[in-house]
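Asker: okay, sequence plus prediction incoming.
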Amino acid sequence: MRAIAVSTPGGREVLSLAEIDTPTPGPGQVRVRVEAAGVNYIDVYQRTGLYKMPLPGRIGLEGAGVVELVGPDVTSLVPGQRVAWSSVPGSYASHVIAPADKLVVVPDGVDTKTAAAVMLQGMTAQYLVTSTYALGPGDTCIVHAAAGGVGLLLCQLADHAGAFVFGTVSTAEKAALARAAGADEVILYREVDFAAEARRHTDGAGVDVVYDSVGKDTFDRSLLALKRRGMLVLYGQSSGMVPPFDPTRLSTAGSVFLTRPSLNDYTATREELASRAAQLFARIVEGVLSVRIHAELPLADAAEAHRRLEGRETTGKLLLIP
């Protein structure tokens with residue numbers, strides 16, 4: 001099998017293509033032939049050492065493919081089934097060994113590449129709008145990086161929930177994508193103060209929730225954009241980590257809430273993982289959710305994929321194809 005290996009934390013140059021023996025699944029495990037692996041910002045964090053991973057090791061967490069071989073005690077899956085996952089280390093590879101309970105079966109109405117593109121970003125968007133802050137008609141929200149992989153999905157699901165969506169983007173091209181995904185107002189954050197703009201459109205009240213994947217560059221203004229007892233959902237840090245701050249700022253901002261959620265905590269049980277995946281796939285089959293795949297690159301081009309992601313050149317999902 002082939003896999004992208006990381007020997008030491010660092011820049012994109014530490015990503016290398018390795019050939020290794022294809023392993024056999026043990027008890028509770030399944031071997032999957034990977035048809036597409038998703039590229040996510042958490043992969044960048046692990047590569048650079050911001051998030052720790054065992055080294056030397058293999059990178060990537062998300063993908064979809066076909067079951068090749070099951071372990072001796074696995075009865076829930078059989079060879080030939082299409083499956084997808086969001087938290088299987090080493091997914092930048094031609095094959096993965098995965099715990100059977102971490103895999104979900106891909107329904108007939110969803111193609112394999114689409115499944116690979118939504119398992120991490122799509123389920124993130126799903127839990128953010130249904131559980132972290134459950135949006136409904138009349139709610140207002142800001143979606144940062146609204147033309148990115150999670151952002152486009154968030155805009156669609158928030159719009160479907162009946163919320164008024166402010167999307168922040170960097171360019172006119174990305175603004176058009178955010179509008180098409182359901183953003184009611186699109187703010188070019190390099191030209192306009194998004195907090196002031198959101199307050200202007202809400203008669204000075206502010207928004208119910210800010211979904212912030214950017215971090216350091218947007219955190220302060222995100223707090224200022226919230227209404228009294230609003231919620232800042234900090235689910236990423238593409239611009240860097242937010243510096244330590246005095247919690248009394250939450251009080252002075254209007255007794256607002258701050259949460260730093262992760263997908264693992266919203267799919268902690270097999271039942272919750274299966275339920276969220278089923279809801280996500282249903283939205284795709286119904287046509288509520290359209291998945292934009294920005295580019296498909298060969299597995300060997302993992303470093304180029306990271307360059308595009310870090311350079312904020314992507315509008316939608318990047319996939320690696322083994």
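Answerer: Thanks, I have it. Numbering: from 1, shown residues only.

Asker: show me which strand runs longest in the chain.
Answerer: The longest strand of the chain (DSSP state E) is strand 29-39.

Asker: neighbouring strands of it in the sheet, and parallel or not?
Answerer: strand 62-70 (antiparallel), strand 95-99 (antiparallel), strand 317-321 (antiparallel) (DSSP bridges).

Asker: how far does the longest one sit from the chain's center?
Answerer: Average the C-alpha atoms of strand 62-70, do the same for its chain, and the two points are 20 Å apart (CA atoms, centre = their mean, to the nearest Å).

Asker: for it, buried residues please.
Answerer: E62, G63, A64, G65, V67, L69, V70 (16 or more other CB atoms under 10 Å). C-beta here means a position set from N, CA and C on the backbone, and glycine is covered the same way.

Asker: for stretch 295-315, same thing?
Answerer: In stretch 295-315, the ones that count as buried by 16+ other CB under 10 Å are 295, 297, 299, 301-306, 308-310, 312, 314-315.

Asker: which one among those residues gets closest to Q237?
Answerer: Set against Q237, the nearest of the buried residues of stretch 295-315 by CB to CB is E310 (12.6 Å).

Asker: how many residues are close by D208?
Answerer: 21 (other CB atoms under 10 Å).

Asker: excluding sequence neighbours, find me the nearest residue to it.
Answerer: D139 (4.8 Å; CB to CB, 6 or more residues apart in numbering).

Asker: next one, pLDDT for that neighbour please.
Answerer: Confidence per residue is given as pLDDT, and for D139 that number is 98.

Asker: that one and A282, how far apart?
Answerer: Distance of D139 to A282, computed by CB to CB, to the nearest Å: 22 Å.

Asker: of the two, which one has the most company?
Answerer: Each of D139 and A282 has its neighbours counted (other CB under 10 Å); D139 has more, 18 against 14.

Asker: quick check: domain ranges of the chain?
Answerer: 2-119+292-321, 125-263 (automatic domain parsing).

Asker: now distance to A274 too, for the ones you listed, in CSV please.
Answerer: Output for these, formatted as CSV (distance: least, CB to CB, whole Å):
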stretch, distance to A274
domain 2-119+292-321, 6
domain 125-263, 13
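
Asker: who's in contact with stretch 39-46?
Answerer: The contact list for stretch 39-46 (CB atoms under 8 Å, 6 or more residues apart in numbering) reads 6, 50-53, 59-62, 92, 120-121, 149, 213, 236, 238, 302, 305-306, 309-310, 317-320.

Asker: scratch that, stretch 1-10 is what I was asking about
Answerer: 14-23, 46-49, 53, 55-60, 90, 92-95, 299, 302, 320, 322.

Asker: chain center to the longest helix along the chain: distance?
Answerer: Longest helix in the chain, counting residues (DSSP state H): helix 270-286. Offset of helix 270-286 from its chain centre (CA atoms, centre = their mean): 15 Å.

Asker: what's that helix packed up against?
Answerer: strand 104-105, helix 112-118, helix 121-127 (3 or more CB pairs under 8 Å, 6 or more residues apart in numbering; DSSP states H and E).

Asker: let me see the mean pLDDT of it.
Answerer: Averaged across helix 270-286, pLDDT comes to 96.

Asker: for that helix, C-alpha coordinates in PDB please.
Answerer: Extracted in PDB, the C-alpha atoms of helix 270-286 (Å, rounded to 0.1, in the frame of the first residue of the first chain):
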ATOM      1  CA  ARG A 270     -21.700   4.800  17.900                       C
ATOM      2  CA  GLU A 271     -25.400   5.800  18.000                       C
ATOM      3  CA  GLU A 272     -24.600   9.500  17.700                       C
ATOM      4  CA  LEU A 273     -22.100   9.000  14.900                       C
ATOM      5  CA  ALA A 274     -24.600   6.900  12.900                       C
ATOM      6  CA  SER A 275     -27.400   9.400  13.600                       C
ATOM      7  CA  ARG A 276     -25.500  12.400  12.500                       C
ATOM      8  CA  ALA A 277     -24.100  10.700   9.400                       C
ATOM      9  CA  ALA A 278     -27.600   9.500   8.500                       C
ATOM     10  CA  GLN A 279     -29.100  13.000   8.800                       C
ATOM     11  CA  LEU A 280     -26.200  14.400   6.800                       C
ATOM     12  CA  PHE A 281     -26.600  11.900   4.000                       C
ATOM     13  CA  ALA A 282     -30.400  12.500   4.000                       C
ATOM     14  CA  ARG A 283     -29.900  16.200   3.400                       C
ATOM     15  CA  ILE A 284     -27.600  15.400   0.400                       C
ATOM     16  CA  VAL A 285     -30.100  12.900  -1.100                       C
ATOM     17  CA  GLU A 286     -33.000  15.400  -0.600                       C
END
